[in-house]
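Visitor: Here is a sequence with its predicted model. Questions after.
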Amino acid sequence: MTHSTSPMTHNKSGSKEQAPVHSRAERKARNATLRGRFGLTLYLILLLLPIYWLVNMSFKTNTEILSGLSFFPADFTLDNYAKIFSDSTWYMGYVNSILYVTMNMVISLLVALPAAYAFSRYKFIGDKHMFFWLLSNRMAPPAVFLLPFFQLYSSVGLFDTHIAVALAHCIFTVPLAVWILEGFMSGVPREIDETAYIDGYSFPKFFVRIFIPLIRSGIGVTAFFCFMFSWVELLLARTLTSVDAKPIAAIMTRTVSASGMDWGLLAAAGVLTILPGMLVVYFVRNHVAKGFALGRV
Amino acid sequence: MQIKVENNKAWFLVLPVFIIVAFSAIIPLMTVVNYSVQDIFDPYTRYFVGTEWFEQVMQDSRLHEALIRQFIFSFTILIIEVPLGICVALMMPTKGRGASLALILVAIPLLIPWNVVGTIWQIFGRADIGLFGAFMTNIGIDYNYSSNPIDAWLTVVLMDVWHWTPLIALLCYSGLRSIPEVYYQAARIDQASRWAVFRYIQLPKLANVLVIGMLLRFMDSFMIYTEPFVLTGGGPGTATTFLSQSLVQQAIGQFDIGPAAAFSLVYFLIILLVCWVFYTTIMNMQKDK
Amino acid sequence: MAWMSWTLPTALFFTGIAVILVGMTAWQIISPCVERRGFLPLATTRGDRLFIGLLSSAFIHLAFVALTDVNIAVATVLCVLWMIILMRWG
């Protein structure tokens, strides 16, 4: 399973013409491909099993969950979801999360675009150190900054607002955005810049009209990663909010511990947190591979 | 690599990023340094204590244990996730509908909020309501992640492998796709074995993304907090209490601001060192090309 | 600013760092630095050596605090010497 092949499938169309010569090799390659498919399917099943279990549980009543294991809900119910959508403390959690994630995405892109351009085009004093400093923030554990964060945002009167969480998440999404965008921008030949300047474009006009459309896919990928890292983070989001901007992730932990273990509700809330991510990854599926290819995550 | 023009005005383009990151990074860092040298009861009652907290932190056996545990954990998951990720990447289809589908499915765990990842495994691993727990019990293993340290470790490692192998897989997958078709054709003409193709064509191309993947995985596992917190709460006892969690316990749970701040700084310095070593390696690798 | 709990030593420390950074920038403008190879196993610029020096100084201080009862000032003196060696021959 380990070294079975899929890159050999690259050759499928090419090797058809040479079939008589390479028929044995081709058969071997096809077997390897099949083994690869089998291995991949196995991996995907194992990967999806815990998620399937969560989805399965979210459609069960608590009595059914506790009474035994079954692969399908015998007593199919939507109560758990109904509860979430009818209770504002629950569904506002989703609204809050989506609000601060969106804000974070917009802020990150707005500040990272010019900076990434500067890093990809110019040499300036301290550029390398600046770049390293940015990256070190991507790596810094949020737990280190937890205490002062709370006080910092309280002292500027932003505690328990969406913008506070969005700004706090910038500490890792902005470096990430700069890193990814710089990779995409370096792929654009600088002759394009020079031609545009000769044609009389000013920098802002060139940047918005010509350059940004050129790296559209890069921007999409960057937005995806900003979304991803801001959406999954809990520690900072929980520390910086109390009521008005509380993220869904925090509401889940609180409500569950307060009312005993309501497994069905917990599972339903969990399922609903997975959906936005799947939606986003669907939109960028064709570009994501390229984003990863730069290795800048 | 393009030739870059020297222009210090570029600083103006970087300035917004600098301000926004500095606000959330430098001010808190300064505050942590201030906290770490004082005994603070409230903002107006505080005493300068010099390096006392650092001495306490550096000699605290709980922290030593958490640090050792952290290193064991980080290396374990790297050893499992990197080869597994490469295998998955090699098996993923490269063209057509299947490719998109596989890509989306593999990416799913990455997009789940970390506490939900914890919740999923908390449920999945329980013997009474979870498939995995029930499976282990049925094949005759007395499995209980909340009371047996070994089981707790197994579950936490398994969870992390489940959660983060996709990252390595996607990085490698993209790396593989950037290999020109000509290489494979040449290999076929030479009748190169599967292993030779992997060893001499694919692996060298993967080296770059792999180093970055390892950096990211090492760093992220080094700051792991939410998933084990939800799953085991650091227990049983302190069996799965990693660095971030002991830090949060100290800072929020016991409100020992001074020692927690000193601890934060030590933690931060370790991160900075590892980060710098990796970064220098990556940059030198790219320079050699 | 009260919540930041400033103390004189930490204020001096950060002022020192800021002064060094400004100084390094000024130095870079007056006489730009070229990458060179010293006793360190990699080519470094002035700024790289400063960073390596500061980071290693931090670890030297920590080691002193953790392993010995010697006054911390001894570590500081050692670090200053180390920084000078590093900046000159590193």
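Guide: Yep, it's here.
Visitor: So for stretch C:23-33, mean pLDDT?
Guide: Computed over stretch C:23-33, the mean pLDDT rounds to 87.
Visitor: touching chain A at all, that stretch?
Guide: Yes: between stretch C:23-33 and chain A, judged by Cβ under 8 Å from any Cβ of the partner chain, the touching residues are C:T25, C:Q28, C:I29. (Glycine included, C-beta is placed from N, CA and C.)
Visitor: And for stretch B:200-220?
Guide: Yes: Stretch B:200-220 lies within reach of chain A by Cβ under 8 Å from any Cβ, at B:Q202, B:N208, B:V209, B:I212, B:G213, B:L216, B:M219.
Visitor: Pipe those residues into TSV and attach pLDDT, secondary structure and neighbour count per row.
Guide: Below are the residues of stretch B:200-220 next to chain A laid out as TSV (pLDDT from 0 to 100; DSSP: H, G, I helix; E, B strand; the rest coil; neighbours: other Cβ atoms under 10 Å in any protein chain shown):
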residue	pLDDT	secondary structure	neighbour count
B:Q202	86	helix	21
B:N208	77	helix	19
B:V209	80	helix	25
B:I212	81	helix	21
B:G213	84	helix	27
B:L216	84	helix	20
B:M219	85	helix	20
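Visitor: Kindly present those residues as JSON lines, with separate columns for distance to A:L44.
Guide: Formatted as JSON lines, these follow (distance: Cβ to Cβ, whole Å):
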{"residue": "B:Q202", "distance to A:L44": "22"}
{"residue": "B:N208", "distance to A:L44": "27"}
{"residue": "B:V209", "distance to A:L44": "22"}
{"residue": "B:I212", "distance to A:L44": "25"}
{"residue": "B:G213", "distance to A:L44": "20"}
{"residue": "B:L216", "distance to A:L44": "23"}
{"residue": "B:M219", "distance to A:L44": "27"}
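Visitor: which among the residues you listed gets closest to chain C?
Guide: Taking Cβ to the nearest Cβ as the measure, chain C sits nearest to B:M219 out of these, at 16.5 Å.
Visitor: Which residues are in contact with the nearest residue to B:A66 once chain neighbours are set aside?
Guide: Once flanking residues are discounted, B:A66 sits nearest to B:S246: 4.5 Å by Cβ to Cβ, 6 or more residues apart in numbering or on different chains. Listed by Cβ atoms under 8 Å, 6 or more residues apart in numbering or on different chains, the contact partners of B:S246 are B:R62, B:L63, B:A66, B:G234, B:T238, B:F263.
Visitor: so for stretch A:165-178, what's the average pLDDT?
Guide: Rounded mean pLDDT across stretch A:165-178 is 91.
Visitor: Same check on stretch A:214-223?
Guide: Mean predicted confidence for stretch A:214-223 is 86.
Visitor: quick revisit: could you find the lowest-pLDDT member of the contacts of B:S246?
Guide: For these, the weakest pLDDT value sits at B:G234, with 79.
Visitor: Quick check, that one in contact with B:T226.
Guide: No: B:G234 is not in contact with B:T226 according to Cβ atoms under 8 Å; the separation is 11.8 Å.
Visitor: between the two, who's got more neighbours?
Guide: Neighbour totals were compared for B:G234 and B:T226, and B:T226 leads with 24 against 20 (other Cβ atoms under 10 Å in any protein chain shown).
Visitor: Run through chain A and note the low-pLDDT ranges.
Guide: Across chain A, the ranges flagged by pLDDT under 70 are A:1-22, A:25, A:254-260, A:289-297.
Visitor: what residues does it put near chain C?
Guide: Within chain A, the positions lying close to chain C (Cβ under 8 Å from any Cβ) are A:I125, A:G126, A:K128, A:H129, A:P148, A:Q151, A:L152, A:S154, A:S155.
Visitor: Check chain B too.
Guide: Proximity of chain B to chain C, by Cβ under 8 Å from any Cβ, involves residues B:27, B:30-31, B:33-35, B:37-38, B:40, B:43, B:46, B:48, B:50-51, B:54-55, B:58-59, B:266, B:269, B:272-273, B:276, B:280, B:284.
Visitor: Report the buried members of those.
Guide: B:27, B:30-31, B:33-35, B:37-38, B:40, B:46, B:51, B:54-55, B:58, B:266, B:272, B:276 (16 or more other Cβ atoms under 10 Å in any protein chain shown).
Visitor: Next one: A:G36 from B:P93, what distance?
Guide: According to Cβ to Cβ, to the nearest Å, A:G36 and B:P93 sit 8 Å apart.
Visitor: what about the helices in chain C?
Guide: Along chain C, the segments classed as helices by DSSP state H run C:8-30, C:46-67, C:72-89.
Visitor: helices or strands up against the last one?
Guide: Going back to what we said before, that points to helix C:72-89. Applying 3 or more Cβ pairs under 8 Å, 6 or more residues apart in numbering or on different chains; DSSP states H and E, one finds that helix C:72-89 contacts helix C:46-67.
Visitor: Does anything pack onto the helix it packs on? Which helices or strands?
Guide: helix A:127-139, helix B:52-58, helix B:257-288, helix C:8-30, helix C:72-89.
Visitor: Give me the buried stretch members for the last one, please.
Guide: Right, the one you point to is helix C:72-89. Across helix C:72-89, burial judged by 16+ other Cβ under 10 Å covers C:A75, C:C79, C:M83, C:L86.
Visitor: I'd assumed C:F59 was in contact with the first one.
Guide: The one in question is C:A75. No: counting by Cβ under 8 Å, C:A75 sits too far from C:F59 to count as a contact (10.4 Å).
Visitor: just to revisit the earlier point, identify, out of the helices of chain C, the most deeply packed stretch.
Guide: Mean neighbours per residue, mean count of other Cβ atoms under 10 Å in any protein chain shown, is largest over those for helix C:46-67, with a mean of 17.
Visitor: ok, residues contacting that one?
Guide: For helix C:46-67, the surrounding residues in contact (Cβ under 8 Å, 6+ apart) are A:126, A:128-129, B:51, B:54-55, B:58-59, B:266, B:269, B:272-273, B:276, C:20, C:24, C:27-28, C:33, C:38, C:40, C:44, C:70, C:72, C:74-76, C:78-79, C:82-83, C:86-87, C:90.
Visitor: Can you pull the phi and psi angles for B:Q38?
Guide: phi -130, psi 160 (degrees, to the nearest 10).
Visitor: Now the residue of chain B found nearest chain C: closest residue in space that isn't a chain neighbour?
Guide: Per Cβ to the nearest Cβ, B:M58 is where chain B lies closest to chain C, at 3.5 Å. Nearest non-adjacent residue to B:M58, counting by Cβ to Cβ, 6+ apart: C:A66, 3.5 Å away.
Visitor: For the closest residue to chain B within chain C, give me the pLDDT.
Guide: Nearest residue of chain C to chain B, counting by Cβ to the nearest Cβ: C:A66, 3.5 Å away. Per-residue pLDDT puts C:A66 at 83.
Visitor: mind giving me the domain ranges of chain C?
Guide: Using automatic domain parsing, the domains assigned to chain C come out as C:1-32, C:37-90.
Visitor: Can you tell me which of those is nearest to B:V88?
Guide: Closest to B:V88 of the domains of chain C, according to Cβ to Cβ: domain C:37-90, at 34.4 Å.
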